[in-house]
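>>> Mind folding the following:
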Amino acid sequence: MPDKFDRAPHPLRALPAIQKLLEAPEAAPLFAVASPAAVTATLRLVLARLRTKSHQTPAALPTIAAIVMEAAGLLDAQKTMILRRTINATGIILHTNLGRAPLGEDAQKAAIAVMQGYANLEYDLHTGQRGSRTQGIEPVLCRLLGAEAAVAVNNNAAAMLLALSAHAAGGEVLVSRGELVEIGGGFRIPDIIRQGGARLVEVGTTNKTRLADYRSAITPDTRVLLKVHQSNFRMVGFTAAAAAAELAELAHEFGLLLIEDLGSGTLVDLRPFGRSHEPTVGDSLAAGADLVAFSGDKLLGGPQSGLLVGRAVAVDPLRGHPLMRALRLDKITLAALEATLRQYLDPSRATAAIPVLRMLVQDAAVLRQRAEQLGRMIGVGDDAIVTRVVDSDGYAGGGSLPGETIPSVAVTIGIAGMSGETVAETLRAGAPAVICRVHHGAALCDMLTVADEELPELAACLRQVARAAS
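Take a look at the predicted model:
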């Protein structure tokens, strides 16, 4: 029997030691582009990757030059920002994975202004004393909505967590079974109620919940009646739900609070623009809700944030709650949010100045002109691309206007020797990255979410893909 110590050493043991790599002449150029610590860490990473390949044979082991070359590629990739601008050609306006609402020009300028230096974030310029972090947005929200008070946190999930922690911890929250929704990222209403320290009490049935169901479920431990907007789905057919005004009256009869989670929380009625009815924040407050929570980066069209507006008795306890510091907004977001909210003081200007509203109110004729213009831009001097203008279906996205398609127009892209998937993949790797759809095997750029000023850049990206294929 052969001695166990006679076995051949594992081929990966032949990999060079890290010190040998660092001293190799081939590695010298790495130190010209990165620090010694970065070079060392990157070479260690390459070696670690190689060691995981236990199936390697001696012949397959890379040379020092090959190892250094791989490290150089990793160092070069580290110079490129991972989070960067994209062109959204999907036709989904509030695309969560693409950052939801793009900011308007005023919001961008406001954010840049405060990020360039100091700002009176928590400083009252009139008194010279410490001020409120929400001093810029609260007066505007109250003026727009007729609310007594308002605060802002970093998203709507945080807004709901704060509201329930402050008003329902240790007690019960009554919610209709038909409103126990889950939205993107696994956020579930039951989970947020439990995290807030409250007990969920389900009332009614999935499709029908009447006011009497709430009344019969109220106990001495009840703290809040919670109404939740079904942001990402619609329930139709044999259904019934208690109106907010009815719930507000019932809550106040028992000394309770009515909190409404409106999700996308639009400030304007979208019906005049041909969109389906989406309840507004003003509607909820007028119906008697004590506290309304909604997103700032959905139909409102601002930066990621969660807004809470309502009666002072419901808002004031939130300001000093321990969670408030953990959930508060930074100066850049607050500046962009205030600038966006101020646009709504002139509703006629808001639809033109806020990109989300501008996209929602576009008509098919404008979209077709944009599609035809893109086709002309692509076709100039490049016969390798075949384009076709087609009708398309766009969407609001972000849990807004669920089930509603927005008539749109798109441009299909055909490049010889490339499938639609390959075209889409190559566009994603460009600068800027272009995110399109693949429909029936063809790459498709939807004009609903492409701005006029982005057309030259988009055309250049498409021509570059065609050159790569030739």
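
>>> For this structure, just list every one of the strands.
Taking DSSP state E as the test, the strands found in the chain are 86-89, 149-153, 172-176, 182-183, 187-188, 199-203, 222-228, 257-263, 291-295, 306-310, 385-394, 406-415, 433-439, 442-446.

>>> Out of these, which is closest to Ser216?
strand 199-203 (8.0 Å; Cβ to Cβ). Yep, even glycine has a C-beta here, placed from its N, CA and C like the rest.

>>> for that closest one, packing partners?
Counting by 3 or more Cβ pairs under 8 Å, 6 or more residues apart in numbering; DSSP states H and E, the packing neighbours recorded for strand 199-203 are strand 172-176, helix 189-195, helix 211-217.

>>> quick one: low-confidence parts of this structure?
Within the chain, the set of residues satisfying pLDDT under 70 comprises 1-13, 53-60, 183-186, 231-238, 380-383, 470.

>>> same thing but 80
The chain contains residues with pLDDT under 80 at 1-14, 51-61, 181-187, 206, 230-239, 379-384, 399, 402-403, 468-470.

>>> can I see the domain layout of it?
Under automatic domain parsing, the residue ranges defining each domain of the chain are 4-77, 86-94+360-469, 105-353.

>>> Turn the ones you listed into TSV, columns for mean neighbour count.
Rendered in TSV, the data for the domains of the chain read as follows (neighbours: other Cβ atoms under 10 Å):
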stretch	mean neighbour count
domain 4-77	13
domain 86-94+360-469	19
domain 105-353	19
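
>>> ok, back up a step: TSV for the helices and strands packed on strand 199-203, including distance to Glu246?
Rendered in TSV, the data for these read as follows (distance: least, Cβ to Cβ, whole Å):
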stretch	distance to Glu246
strand 172-176	12
helix 189-195	20
helix 211-217	5
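
>>> Can you say which of the ones you listed is nearest to Leu374?
Scanning these with Cβ to Cβ as the criterion, the closest one proves to be helix 189-195, at 41.9 Å.

>>> distance between that closest one and the chain's centre?
With Cα atoms, centre = their mean, to the nearest Å as the basis, helix 189-195 stands 21 Å off its chain's centre.

>>> again, but for stretch 28-38
Between the mean C-alpha location of stretch 28-38 and the chain-wide mean there is a distance of 37 Å, by Cα atoms, centre = their mean.

>>> Residues in contact with that stretch: which ones?
When contacts are defined by Cβ atoms under 8 Å, 6 or more residues apart in numbering, stretch 28-38 is touched by residues 39, 42, 68, 71-72, 75-76, 78.

>>> Recalculate using a threshold of 6 Å.
Residues from elsewhere that reach stretch 28-38 (Cβ atoms under 6 Å, 6 or more residues apart in numbering): 39, 75.

>>> now the residue nearest to Ala65 when sequence neighbours are not counted: how far from Gln78?
Ranked by Cβ to Cβ, 6 or more residues apart in numbering and with sequence neighbours excluded, the top spatial neighbour of Ala65 is Glu26, at 4.9 Å. Taken as Cβ to Cβ, to the nearest Å, the spacing of Glu26 relative to Gln78 amounts to 19 Å.

>>> got it, and Thr340?
Computed as Cβ to Cβ, the Thr340 to Gln78 distance reads 34 Å.

>>> before we move on, what about Arg51?
For Arg51, the distance to Gln78 (Cβ to Cβ) stands at 21 Å.

>>> Out of the helices and strands packed on strand 199-203, which gets nearest to Gln135?
Counting by Cβ to Cβ, Gln135 lies closest to helix 189-195 out of the helices and strands packed on strand 199-203; the figure is 28.1 Å.

>>> CA atoms only for that closest one, dumped as CSV, please.
Listed in CSV are the C-alpha atoms of helix 189-195, where the atom choice follows Å, rounded to 0.1, in the frame of the first residue of the first chain:
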residue,chain,number,x,y,z
ILE,A,189,-48.5,45.8,7.2
PRO,A,190,-48.8,43.0,9.9
ASP,A,191,-45.0,43.0,10.3
ILE,A,192,-44.8,46.8,10.7
ILE,A,193,-47.6,46.7,13.3
ARG,A,194,-45.7,44.1,15.4
GLN,A,195,-42.4,45.9,15.0
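
>>> packing partners for it?
helix 156-168 (3 or more Cβ pairs under 6 Å, 6 or more residues apart in numbering; DSSP states H and E).

>>> For the helix it packs on, what is the distance to the chain centroid?
20 Å.

>>> How about residues contacting it?
Residues lying outside helix 156-168 but in contact with it, judged by Cβ under 6 Å, 6+ apart, are 153, 187, 192-193, 196, 198, 223-224, 257, 259, 261, 291, 293, 295, 306, 308, 317-318, 321, 323, 327.

>>> How much space separates Thr80 from Leu341?
Between Thr80 and Leu341 the computed distance is 35 Å (Cβ to Cβ).

>>> Distance-wise, check the residue nearest to Leu75 when sequence neighbours are not counted relative to Gly73.
Using Cβ to Cβ, 6+ apart and skipping the chain neighbours, the partner closest in space to Leu75 is Ala34 (5.1 Å). Note on Ala34: its distance to Gly73, by Cβ to Cβ, is 12 Å.
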